[in-house]
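**Q** Below: sequence and its predicted model.
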Amino acid sequence: MLLVHRSRRAANSVRTVSPGGELFVASVVVAMLLAAFGDAVDPAWLGEAGLEFALFDFGGELSLLGMHHWHLLQYLMAGAVIAGGIAAFKACTGRVFRPLHPAPRRAVDKVPIELRPKSS
Amino acid sequence: MPELFSAGFLSALLAIVLIDLVLAGDNALIIGLVARNLPKNTQRKVIFWGTFGAIAVRALMAVLVVYILDVPGFMLAGGLALIWIARKLLAPNENAASPHANPAAAASFGAALRTIVVADAVMGIDNVLAIGGAASGSIVLIVLGLAISVPIIVWGSHLVIRLVERLPSVILLGGAVLAWTGYSMIVREPLLQPWLTAHPPARFVIAVLVFSISLAPWWTERLSPKMQPLVVLLPALLVWLLAFEIADPHLERMGGLFATEVGSYLVEAVRWLGWMPLAAGFLWLREQRPHRAARG
């Protein structure tokens, strides 16, 4: 039996994880996958496609092609930056655009338009 | 091996400690259960020597794994095993906190010690395999990692439990680190090196495959029932594409139809379109299952 399974919450971590924690780990996974992508692509192919600037001439170690040399600490930091960016973006857009909630499907006032007689 | 106390060294150490924490066996519970019927005086001796024996066996196994991973083929096998270990770690467990198999109480000091050491060795196989992969052949890293994490697990297990109780994302992070270690081990396999050098894009396909299988319990939870077949279809499609990438040169060498232009077009057609009827068949069978169960 695993020590962490002594806690019911930890044993069901995929269900009990907080949205912030989940976003952070998902961002770390995205950084790891980006590193694997940088490891897989041929720099010459990127140059031919005209993507040099966008993908790897971006500033030395921060480039996509340099990511496969990264260590776990760098992935964690990148994950924190990505997660922080997404959270900030979500907060900003939430203030600018008010989310629309659909009316219940079978509600009488499904279409929230009220017809009023013209005032003459 | 990374330079001592460089960023690479500290990162590998962090990975080892994290893996040690999330994959640690419940030694305290085993020791308590095994020694419960022994006299008080012998119980104290069992706790001390049982802990010591478990640590010694764990360290010996970890060092042995480093040498075993140098044998061609074992790095690949270890990487594949880590995928399964990560999956098992993340799979929801409703019966947590109630151990299924309680070890029987030992009647003597020797029997108790033997049970504790064997139980730790069995529980620690996944752990030493993972830290062997994360250490990239460095014995210093393994010894340091064990020196940091074993006291935490043995004497501070309640702290570990409190940490994961408060932050379940540590378990998810542990799963992600295990998947990353598994991927690194697979692409470091000496037998695969020539093929991976000739097919660089395969590295990315392998990474997506490893993460999609290892973290499946996590993303399955977030998918709607309609999208659940993706858990099987995505990895299956990637395996299909990889299989064709591997088989391609062998098919050309076989000659006959495969050596002709028409043959190569046929192979390409099967590679890019052949998975569709299989996926449709899988989805159809999945749809039929509830109907068949209702009829049966």
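**A** Here it is on my side, so go on.

**Q** how about the strand or helix carrying A:S27, does it get close to chain B?
**A** Following DSSP states H and E, the helix or strand that holds A:S27 is helix A:19-40. Yes. Judged by C-beta under 8 Å from any C-beta of the partner chain, helix A:19-40 comes into contact with chain B at A:21-22, A:24-25, A:28-29, A:32-33, A:36-37, A:39-40. C-beta: built from backbone N, CA, C; applies to glycine.

**Q** Need the per-residue pLDDT for residue 63.
**A** I'll assume chain A. A:S63 carries a pLDDT score of 60 in this model.

**Q** oops, I was thinking of chain B
**A** 84.

**Q** Same check on A:S7?
**A** Reported pLDDT at A:S7 in the predicted model: 81.

**Q** what's the weakest-modelled helix or strand in chain A?
**A** None of the helices or strands of chain A scores lower by mean pLDDT, DSSP states H and E than helix A:52-55, at a mean of 53.

**Q** in chain A, which segments are predicted with low confidence?
**A** Where chain A drops to pLDDT under 70, the residues are A:1, A:42-66, A:99-120.

**Q** Strands along that one, start to end?
**A** For chain A, no strands are identified by DSSP state E.

**Q** What parts of chain A come near chain B?
**A** Taking C-beta under 8 Å from any C-beta as the test, the list of chain A residues beside chain B reads A:1-18, A:21-22, A:24-25, A:28-29, A:32-33, A:36-37, A:39-42, A:71-75.

**Q** Kindly recompute the last result at 7 Å.
**A** For chain A, the residues found near chain B under the criterion C-beta under 7 Å from any C-beta of the partner chain are A:1-18, A:21-22, A:24-25, A:28-29, A:32-33, A:36-37, A:39-40, A:42, A:71-73.

**Q** among those, which ones are buried?
**A** Among the residues of chain A next to chain B, those buried by neighbour count (16 or more other C-beta atoms under 10 Å in any protein chain shown) are A:1-7, A:9-14, A:16-17, A:21-22, A:24-25, A:28-29, A:32-33, A:36-37, A:39-40, A:71-73.

**Q** following the helix or strand of chain B with the lowest mean pLDDT, which helix or strand comes up?
**A** Comparing helices and strands within chain B by mean pLDDT, DSSP H and E singles out helix B:27-34 as the least confident, with a mean of 75. Downstream of helix B:27-34, the next assigned helix or strand under DSSP H and E is helix B:40-68.

**Q** can you state the direction angle for the very next helix or strand once past that following helix and helix B:40-68?
**A** Tracing the chain past helix B:40-68, the next element assigned as helix or strand by DSSP H and E is helix B:74-90. On the basis of axes from the mean of the first three to the mean of the last three C-alpha atoms, to 10 degrees, helix B:74-90 is oriented at 130 degrees to helix B:40-68.

**Q** Does chain A have contacts with helix B:74-90?
**A** Yes. Using C-beta under 7 Å from any C-beta, helix B:74-90 reaches chain A at B:L90.

**Q** Check which residues of that helix are buried.
**A** Within helix B:74-90, the residues that count as buried by 16+ other C-beta under 10 Å are B:74-79, B:81-83, B:85-90.

**Q** Excluding chain neighbours, what is closest to the residue nearest the centre of chain B?
**A** Nearest residue to the geometric centre of chain B (C-alpha atoms, centre = their mean): B:L82, 2.1 Å. Taking C-beta to C-beta, 6 or more residues apart in numbering or on different chains as the measure, B:L82 lies nearest to B:G182, with 3.5 Å between them; neighbours along the chain are not counted.

**Q** Show me what whichever helix or strand that neighbour is part of is packed against.
**A** B:G182 is part of helix B:169-188 when elements are defined by DSSP H and E. When contacts are defined as 3 or more C-beta pairs under 7 Å, 6 or more residues apart in numbering or on different chains; DSSP states H and E, helix B:169-188 packs onto helix A:19-40, helix B:7-22, helix B:74-90, helix B:125-134, helix B:157-166, helix B:201-214.

**Q** Tell me which of these lies nearest to B:G53.
**A** Taking C-beta to C-beta as the criterion, B:G53 comes closest to helix B:125-134 out of the helices and strands packed on helix B:169-188, the separation being 15.3 Å.

**Q** can you give me the angle that closest one makes with helix B:169-188?
**A** Angle between the axes of helix B:125-134 and helix B:169-188 is 60 degrees (criterion: the same axes, to 10 degrees).

**Q** Could you confirm whether the helix or strand just after helix B:125-134 reaches chain A?
**A** Sequence order places helix B:139-155 as the next helix or strand after helix B:125-134, per DSSP H and E. Yes. When contact is scored as C-beta under 7 Å from any C-beta, part of helix B:139-155 falls within range of chain A: B:I153.

**Q** list the buried ones in helix B:139-155?
**A** Within helix B:139-155, the residues that qualify as buried by neighbour count (16+ other C-beta under 10 Å) are B:141-142, B:144-146, B:149-150, B:152-154.

**Q** Near B:N95, how many other residues are there?
**A** The burial metric for B:N95, expressed as a neighbour count using other C-beta atoms under 10 Å in any protein chain shown, is 10.

**Q** still on that earlier bit, check contacts around the residue nearest to the centre of chain B.
**A** Contacts were defined as C-beta atoms under 7 Å, 6 or more residues apart in numbering or on different chains; by that measure B:L82 touches B:129-130, B:133, B:178, B:181-182, B:185.

**Q** Now render these as JSON lines, adding neighbour count and pLDDT.
**A** Putting the contacts of B:L82 into JSON lines (neighbours: other C-beta atoms under 10 Å in any protein chain shown; pLDDT from 0 to 100) gives the following:
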{"residue": "B:L129", "neighbour count": "27", "pLDDT": "85"}
{"residue": "B:A130", "neighbour count": "31", "pLDDT": "86"}
{"residue": "B:G133", "neighbour count": "29", "pLDDT": "85"}
{"residue": "B:L178", "neighbour count": "31", "pLDDT": "92"}
{"residue": "B:T181", "neighbour count": "30", "pLDDT": "91"}
{"residue": "B:G182", "neighbour count": "27", "pLDDT": "92"}
{"residue": "B:M185", "neighbour count": "27", "pLDDT": "91"}
